[in-house]
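Colleague: Prediction below, plus the sequence it came from.
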Amino acid sequence: MYRYPDNVYDALLANANAGGDNTPRGFVIGAVMGAAIGGDRGLQGMHNSAVLQQEIDEFVAVASQ
C-alpha cells in the first residue's frame, strides 16, 4: 500500500491493476492515504482528532514496513 507514499492516484491505480477484490482494498488505501497525506485538513473539526491522528500515524508506520 505504501509503495506510493505521496501519490494517492498511483497507489489506487496499482491496487486496481492487482486484480481480485480490489474495491474494499481501494477504499482502505484511499482513506488511510488521504488521512495521512491530508494532514490537518482531513481531521479538522473531528471529535478526538489528536487521537485519530495518532492511530493513523501508527497504522501507516506498521503498513509501510
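Modeller: The structure has been received and is ready for your questions.

Colleague: Which helix or strand in the protein has the lowest average pLDDT?
Modeller: Scoring the helices and strands of the chain by mean pLDDT, DSSP states H and E places helix 40-43 at the bottom, with a mean of 61.

Colleague: and the next element down the chain from that helix?
Modeller: For helix 40-43, the following helix or strand on the C-terminal side (DSSP states H and E) is helix 49-63.

Colleague: tell me which strands and helices that following helix is in contact with?
Modeller: helix 22-38, helix 40-43 (3 or more C-beta pairs under 8 Å, 6 or more residues apart in numbering; DSSP states H and E). Heads up, the C-betas are built off the backbone N, CA and C, glycines and all.

Colleague: With distance to Ser64 as added columns, please give these in TSV.
Modeller: Below are the helices and strands packed on helix 49-63 laid out as TSV (distance: least, C-beta to C-beta, whole Å):
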stretch	distance to Ser64
helix 22-38	10
helix 40-43	18
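
Colleague: Out of the ones you listed, which one sits most buried?
Modeller: helix 22-38 (a mean of 15; mean count of other C-beta atoms under 10 Å).
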